[in-house]
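*Asks:* Sequence plus predicted model, see below.
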Amino acid sequence: MNVKINKEDKKSITLELSKTDLGLVNALKEELWRDSNVNVAGSKTEHPLIDKLFLIVETDGKTSPKKAVLNAIKKLKDTNDKFKKEFVKVAK
């Protein structure tokens, strides 16, 4: 996976992602929408055949968009760790 900051200002950031799929981007968007400081969490593709996705995040200014994305990533990791722990229990 490659991540690049495409655009950034105080309240918004656009990340360009390649070598990934919409599954990860959609999970990030869903987690970002749970953050009360996030006003916009969206994604777009240039073209279905081009390996490039964009994640757009806008905040209310109380938290930076980078911080909001990092918080969403941490929450997804925590959720994944909990799932793994529970799955290991039942998979034995």
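*Replies:* Yes, it's here. For clarity, every value in this text was computed on a predicted model and none was experimentally measured.
*Asks:* Asp81 and Asn37: what is the separation?
*Replies:* Here the criterion is CB to CB, to the nearest Å. By it, Asp81 lies 24 Å from Asn37. Yep, even glycine has a C-beta here, placed from its N, CA and C like the rest.
*Asks:* So the two - more neighbours on which side?
*Replies:* Of the pair Asp81 and Asn37, Asn37 is the one with more neighbours under other CB atoms under 10 Å, namely 16 against 10.
*Asks:* What residues does the more buried one make contact with?
*Replies:* Asn37 makes contacts with Thr59, Asp60, Lys62, Thr63, Ala68, as judged by CB atoms under 8 Å, 6 or more residues apart in numbering.
*Asks:* Apply 6 Å and report the result again.
*Replies:* Taking CB atoms under 6 Å, 6 or more residues apart in numbering as the definition of contact, the neighbours of Asn37 are Thr59, Asp60, Lys62, Thr63.
*Asks:* Among those, the buried ones, what's the ChimeraX command?
*Replies:* This is the ChimeraX syntax for the buried subset of those, where burial follows 16 or more other CB atoms under 10 Å:
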select :59,63
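*Asks:* for the protein, what's the longest helix?
*Replies:* When the chain is parsed with DSSP state H, its longest helix is helix 65-91.
*Asks:* Go through that one and flag the buried ones.
*Replies:* For helix 65-91, the buried set under the neighbour-count rule, 16+ other CB under 10 Å, comprises Pro65, Ala68, Val69, Asn71, Ala72, Lys75.
*Asks:* re earlier: the contacts of Asn37 in strands, which ones?
*Replies:* Secondary structure assignment (DSSP state E) places Thr59 from those within strands.
*Asks:* what's the closest of the contacts of Asn37 to Lys4?
*Replies:* Each of the contacts of Asn37 was scored against Lys4 by CB to CB, and Thr59 proved nearest at 19.8 Å.
*Asks:* Got phi/psi on Lys4?
*Replies:* Dihedral angles phi and psi of Lys4 (degrees, to the nearest 10) take the values phi -140, psi 140.
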